[in-house]
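Asker: Provided below are the primary sequence and the corresponding predicted coordinates.
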Amino acid sequence: MSLRRRSCSETRKKSFKTGIDAERSRIRREEDLIGIRKSKREDTLRKKRRQTRNDEFEVIPNMVQRLLSGYPAAQLQVRITKDCRRLSIDEIIKAGVVPRCVEFLTRYDAPQLQLDAVWVLSNLASGASQHATLVVELGAVPSLLNLLTSSTTDYIKELAVSALGNIAGDSLSYRDLVLKHDALRPLLYLLNSNSGLSLLRAATWSLSNLVRGIPPLNSEQVKASLTALGRLIYSTDEEVVTDACWALSYLSDGSIVDKIQAVIEAGVCPRLVELLLHPSDTVIVPALLTLGNILCGDDAQTQFVIDNRLLPNLLRLLTHEHKKSIYKKACWTISNITAGNRAQIQAIIDANFIPPLVNILQHAEFSIKKEAVWAIINITYGGTYEQIRLVVTQGCIKSLCDLLTCPDPQVVAICLEGLENILEVRKEADKKMGVQGRVNAFAQMVDECGGSDKIANLQTHTNNDIHNTAVMSLPPGSSFETRKKTYKSGIDSDQSRRRREDDLVGIRKNKRQDTLFKKRTQTHFTPIDDVLEAVRVLANVTSGTSEQVRLVVQLGAVPCFVNLLSFSTTDGVGEEVAWALGNIAADSPSNRDLVLNHAALWPLLYKLNSSLELSMLRVATWSLSNMVRGNPPLNFDQVNVALTTLGRLIQLNDEEVVTDACWALSYLSDDSFNKIQAIIEIGICPKLVSLLLHPSDTVIVPALRTLGNIVCGDDAQTQAVIDNLLLPCLHQLITNQHKITIFKEACWTISNITAGNRAQIQAVIDANIIPPLVHILHCSEFHIKKEAIWAIINIIHGGSHDQIRLVATEGCIKPLCDLLSCPDPQVVIICLEGLGKILELGKADMDMGVQGRVNIFAQMVDQCGGSDKIANLLIHDNRDIYNKAFWIFQRFWAQDLNQQDASFGVNYPHLPPGPGGFNFGS
C-alpha cells in the first residue's frame, strides 16, 4: 500500500484526513468523549453525548475475568472506562467489578488503572441512592479522600471530588460521613491552590453539598469555608460563581444570627449585591437567596446589606424581565426588609418599590403574588401611619381584597390581617385628629372595590382563623416583635425554607464535562398552570431511559410539543418543550428524524433568533445541537438556516450557549465538502479560532472539533482556516496544560493539515509545531501518540525531500521505531511505511553523495534499536506487517538478513514491491 499523494487531492484526503471517512474517523477522535448528554434545565439533568461505535464487540466477560484475577499484568491490560461506558450502572454492578475498583483506588503505581477505577465509582455515586450506598459500604470514601492529596493527576482528583460531592448530596447521613472523614480540609486546600478550571468547578460544587443541611457545620468549618467562598465568588467562571453562591446560601440559612454575622464578616455582601446584575439568572438566584437569608437576621445585619447599595439592584430585578423564580425571591427579600424597623421600611418606600410591588399584586401569577403580599403586609404591621397611608394611596387595598378569594388559606388570612391593620391605623389617626365618627376613608376604599362583600362571605369560611379574623379585630397581645417573628420568613426556618425554595429544581447532579447533576430536593411545589405542569412532567420523563422516551413518543406528544413551541406564550412552556424535544432527538436517530419530520427545527430557530431569557436560550441551543446531529444529515436548506443562527450564537458571552453552539457546528461540519464550504462562507472561522484560547476546556473541545472537521475539506478550505491564524493557537494547545481530549483533538487537527499540500505542510513546520509533536510521541500516553503519529506520517508521505529531512532530524525516527512494538497493528504498519520512506530518502542521498557513502537515516534507525525491532517483526503473524518489515530489512540491511537466513538454512528470493510492500517513487 502506498501512502503517497495520489492522482487527486480528494482521494488522499479521504485516506489520511480523518473526518470525511466518517464512521471510522469518529471512533478515533471520540474515543475518550463521554456518552449520553442529558438535558440541563437550569442545573438539572443533561443528556450525555452518546457515541456511535460500529467496531464494538463483546469484551465484558474477558474484562471481568482479568479484573478479578490476581495478576497485575492482566489487570493493567483492561481499560475499564472503554468497556464500561457501554454498560448501564446496574450492569456494571452485576459484572462484579465494583469492589475491585475500590481496591484499585490505592494503585498509585498504576495511574491509568486508578483513573479508570475512580471514573467508574464517580459515575456510580451519581446514580440512584442504592448506587451511592454501594460505594459507601465498600469503604471507598477514605480512599477517594486520599486521592485528593496523593494523586498527581488533576483529572483523577476531579473525579474523586465529584464522587465525594455526589455521596454527600445523596443524604444527610452520608454528608456527615464524608465530613467525619475530614473531607473539608483537602477540599478547601484544592480550592485555595492553583487548580485547573474543571477541577475548580467540581470542588466548588462538592463544597456546596458538604456545607448544606442540618445539623450545620461547626464554627471552625464555617469560617474556613467562608474564606474560600469569599474568593470563589470573584471568579470569572459562571459555574464556579453559581455553586459558590449556593454554598453561601446554605451557610447563611437558619435561625442562628451568629452564622449570618460570620457571612457578613467574610466580606461577601458587596460582591453578592453586584451579582444581582449578572447576565445569567443561574447566578442571580443563589446570590439573591443568600442576601435574603442575611436579611433574616437582626436589624443591624439587615442595615449592613442595605448600606451596600442592595436596593437599586433589587429594584432592577423587579422591573426587568427575568424568570419567575427571581421575581419570587426578590419579593421575598423585600418582605424581609419591610419586616425590619421603620427606617428600613422608609428606605423601601424612598427607593420606589411600592409601585412595582402593587403592579405584581395586580398582574403577576399567583405564586409571585404570594411573595409580594408579604412585603406589603409587613409594612401594615410595622410602619407609621404615613408609611401605611402611602402604601394605600399606591393601590394596595384592591389587590388585598382581590386575594381574599384565592384558594390559599394562609394568603387569605394575612390579607384580612393587613386590611384590619389599615382600617385600624386610619381609625386611630382620625381619633388623634379629633374627627371621630367621620367615615373611615380607607373603609370606603375597601367598599368601593367590593372588599366588604368578600369579607362578609369569609365569615362563613370553614377555616377558623379566617372566620375569626373576618368577624373580629386582631387578638390582643399581637406585639410588634411577635409579628416580626411570624412574618420575617427565614428565622422560622422550616416553614420559610419551603416558601423561598418553592420553585427550586430538585436533585442537582454532579456535572463532569457535560454529565449528571444531583438535584436540590424541593419540599414544596406550588400548583401552577396545568399546561406548564403537564409539559414539565413529560419533559422530566424524556430525560429518563429510552423506554420512557419511547412511551412519550408513542403517546403522540411530539406534534403537541412542536405546536406549543410555535404558539405558546406562557412563561416557561417554551423552555420545557425545547428541553423535551432535545431529549427525544438525543435518544436515537429515529427519534431525531421524527422530531425533524414534525418541523420542530423552524420554531426552534425562530425562538433562537428572538429576544430570549438566558435559560431559554441555553435550552434551545442545546436542543438544536441534538437536532442537527447524526445520520442521515440535514438537507442543505436546513443546514443553511441553522448555520446563520449558530453563527450569531457563538458570538455570545455565555459559556454554555457557546459550547452547545460549537457542538452543533461540529456535527454540521462532519459531512460533505459542500457543507464545509457553507460553514466557511458564514464567516465563523475567526471566532472558532479565537475560542481555542477560551479559558474553559468545555468550549475548546467542540470549537477544535469543528475546525478539525473543516480542515478535512479540500486544500482551499484548509487554507481558509490556516489564514485565520489557526496554527499559533494549535501550537499553544499542544504546549500548554489541557485535558487529554484536547491534546488528541489538536494532534488530529494537525494531521488533517499535514495531509494537505506542501505549502500547508511548510506552514506547520514554520509554526514550530514539529518539536512539540515529537515530544508528544516520546512522552505522552499511547492514545495521544496515535493521533500525533498521523501528523508526522502525513508529512513523510506528502512532503518534499527537505521537509522529510527536517522531520527526521527533529527526532521523529526514535519514536517511530519505539512504536513498532506497540500492540496496535495499524500503528505498526504506518510507522513501518514512514520509516521506509525516510530510509529510501537516506539511500537516495547516499547514492548522490550527499551524506558520503552512508545512509545517515539507516544509522539513526540502528542507533535507537529500530533495526532489531524491524527484525523481530519478521515473525509477526500479521501478513501486512511481515511483508513491510521484510521489504525494509531486505532493502536496507540485506547483509544482516542473509546472515540471519544462512544460520537457519533459508534463502529468500528478491521480492519486488507488492501489494503489501512499498512503492516509494519520486
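Answerer: Thanks, I have it. Numbers count the residues shown, from 1 in each chain.

Asker: Please parse this protein into its domains.
Answerer: 37-210, 369-487, 527-613 (automatic domain parsing).

Asker: V828 is nearest to which of these?
Answerer: Nearest of those to V828, taken as C-beta to C-beta: domain 37-210 at 17.8 Å. Using the backbone N, CA and C atoms, a C-beta is placed for each residue, glycine as well.

Asker: packing partners for the one helix or strand T706 maps to?
Answerer: For T706, the host element (DSSP states H and E) is helix 697-710. In terms of contacts (3 or more C-beta pairs under 8 Å, 6 or more residues apart in numbering; DSSP states H and E), helix 697-710 is packed against helix 197-210, helix 655-669, helix 673-681, helix 685-691, helix 715-722, helix 726-735, helix 740-754.

Asker: Format these as TSV; extra columns: mean pLDDT.
Answerer: Shown next, in TSV, are the helices and strands packed on helix 697-710 (pLDDT from 0 to 100):
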stretch	mean pLDDT
helix 197-210	92
helix 655-669	93
helix 673-681	86
helix 685-691	93
helix 715-722	93
helix 726-735	92
helix 740-754	92
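
Asker: Which one of the ones you listed lies nearest to T319?
Answerer: Relative to T319, the nearest member of the helices and strands packed on helix 697-710 by C-beta to C-beta is helix 655-669, separated by 25.0 Å.

Asker: What is that closest one packed up against?
Answerer: helix 238-251, helix 614-627, helix 636-649, helix 673-681, helix 685-691, helix 697-710.

Asker: tilt between the fourth one and helix 715-722?
Answerer: Going back to what we said before, that points to helix 673-681. 30 degrees (axes from the mean of the first three to the mean of the last three C-alpha atoms, to 10 degrees).

Asker: can I have helix 673-681 written out in CSV, keeping just the CAs?
Answerer: What follows is helix 673-681, C-alpha atoms only, in CSV (Å, rounded to 0.1, in the frame of the first residue of the first chain):
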residue,chain,number,x,y,z
PHE,A,673,-17.3,19.4,1.2
ASN,A,674,-20.3,21.5,0.3
LYS,A,675,-21.4,21.8,3.9
ILE,A,676,-17.9,22.6,5.0
GLN,A,677,-17.9,25.4,2.4
ALA,A,678,-21.2,26.7,3.7
ILE,A,679,-19.7,26.9,7.2
ILE,A,680,-16.7,28.8,5.9
GLU,A,681,-18.8,31.2,4.0
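
Asker: Spell out the residue ranges of the helices in the stretch 301-450 of the chain.
Answerer: Per DSSP state H, counting those that start in this stretch, the stretch 301-450 of the chain carries helices over the ranges 310-319, 324-338, 342-350, 354-363, 366-382, 385-393, 396-402, 409-432, 441-448.

Asker: what's the most buried one of the ones you listed?
Answerer: Highest mean neighbour count of those: helix 324-338, a mean of 26 (counted as mean count of other C-beta atoms under 10 Å).

Asker: name the helices or strands packed onto that helix?
Answerer: helix 281-294, helix 299-307, helix 310-319, helix 342-350, helix 354-363, helix 366-382, helix 493-500.

Asker: of those, which approaches C747 most closely?
Answerer: helix 281-294 (34.6 Å).

Asker: Select, out of the helices and strands packed on helix 655-669, the one closest to E428.
Answerer: Closest among these, using C-beta to C-beta: helix 238-251, at 40.3 Å.

Asker: and that closest one, how far from the chain's centre?
Answerer: In terms of C-alpha atoms, centre = their mean, to the nearest Å, the gap separating the centre of helix 238-251 from the centre of its chain is 16 Å.

Asker: what about stretch 94-111, start to end distance?
Answerer: From its first residue to its last, stretch 94-111 covers 25 Å (C-alpha to C-alpha, to the nearest Å).

Asker: Next, the buried residues of it.
Answerer: Going by neighbour count (16 or more other C-beta atoms under 10 Å), the buried part of stretch 94-111 is 95, 97-98, 100-102, 104-105, 107.

Asker: which among these gets closest to A202?
Answerer: L105 (16.9 Å).

Asker: looking at it, that closest one is touching W119, isn't it?
Answerer: No. With contact defined as C-beta atoms under 8 Å, L105 and W119 do not form a contacting pair (11.1 Å).

Asker: Out of the helices and strands packed on helix 324-338, the one nearest V562 is which?
Answerer: Between V562 and the helices and strands packed on helix 324-338, the tightest spacing by C-beta to C-beta is seen for helix 281-294, at 25.7 Å.

Asker: what's the closest of the helices and strands packed on helix 697-710 to T698?
Answerer: Closest to T698 of the helices and strands packed on helix 697-710 is helix 655-669 (C-beta to C-beta; 5.3 Å).

Asker: how much space between Q760 and I722?
Answerer: Per C-beta to C-beta, to the nearest Å, Q760 is found 6 Å from I722.

Asker: Need the overlap of contacts for these two.
Answerer: Listed as contacting both Q760 and I722 by C-beta atoms under 8 Å, 6 or more residues apart in numbering are I753.

Asker: which residues does the closest residue to R212 other than its chain neighbours contact?
Answerer: Distances taken as C-beta to C-beta, 6 or more residues apart in numbering place Y250 nearest to R212, at 4.1 Å, with adjacent residues excluded. Y250 makes contact with 208, 211-213 under the criterion C-beta under 8 Å, 6+ apart.

Asker: So for Y250, what's the pLDDT?
Answerer: pLDDT, Y250: 92.

Asker: again with the one 5 residues further on
Answerer: Model confidence at S255, expressed as pLDDT, equals 57.

Asker: Same question for the one 10 residues further on.
Answerer: E265 carries a pLDDT value of 91.

Asker: and if you look at the one 10 residues further on?
Answerer: Among the per-residue scores, L275 shows a pLDDT of 95.
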